[in-house]
Every structure is written in C-alpha cells, then in structure tokens.
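Q: the sequence and its predicted three-dimensional model are supplied below.
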Amino acid sequence: LSYDTLLRLGERLGDVKQERWAMVAKEQISKLPTFKFSTCEEATLKDRDDSEVKCLVCQCPYEEGDLLRRLPCKHCFHA
C-alpha cells in the first residue's frame with residue numbers, strides 16, 4: 001500500500017489505539033487503589049510528593065475526606 005492509501009485508510013478507520021483505550025479506560029482506572037485524604041496525614045506528607053497535598057489533575061488542594069486514587073508511580077488524584 002502506498003503512503004497516501006494508508007493515510008486515507010487511517011482517516012476512515014480513525015485512531016484505533018485511542019478508541020481501544022476509551023473502551024477499557026474506566027475499567028483500568030477503577031482498579032487503582034483508593035483512599036480518603038486525612039489532614040492529620042498531611043503534615044507528615046508535606047515533605048514528600050506534592051501530589052499528596054493537591055490533585056495532579058485539577059491542582060486543587062485536597063480537603064478532609066476527599067476520595068483519592070493512587071497511581072502505580074505513587075502520584076494521587078481525585079477519584
């Protein structure tokens with residue numbers, strides 16, 4: 001197949017990899033461990049990773065009782 005033919009085929013099929021991820025993303029994210037944020041833990045965590053005190057996605061500080069998910073790399077975000 002020529003390069004132009006492959007481009008046209010790609011346009012017709014769409015991004016298969018991205019579509020496949022969209023189908024399994026929710027399931028994979030739901031497998032990540034969750035925990036509730038506690039301000040009493042915050043004091044001991046401030047010396048560690050910034051994601052322990054604020055969300056990496058929205059950049060808002062965590063509040064007492066917020067449900068968080070932890071990535072395998074140990075970074076956290078709102079669940």
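A: Yes, it's here.

Q: low-confidence regions, the chain specifically.
A: For the chain, residues meeting the criterion pLDDT under 70 lie at 16, 41-49.

Q: can you show me the strands along it?
A: Along the chain, the segments classed as strands by DSSP state E run 34-36, 67-70, 76-78.

Q: and Y3, which of those is closest to it?
A: strand 76-78 (39.8 Å; C-beta to C-beta). Every C-beta, even on glycine, is put in place using the N, C-alpha and C of the backbone.

Q: what's that closest one packed up against?
A: In this structure, strand 76-78 makes packing contacts with strand 67-70, judged by 3 or more C-beta pairs under 8 Å, 6 or more residues apart in numbering; DSSP states H and E.

Q: who's in contact with the strand it packs on?
A: For strand 67-70, the external contacting residues (C-beta atoms under 8 Å, 6 or more residues apart in numbering) are 29, 32-37, 55, 62, 76-79.

Q: which one of these is nearest to E19?
A: Comparing the contacts of strand 67-70 against E19 with C-beta to C-beta places I29 closest, at 16.7 Å.
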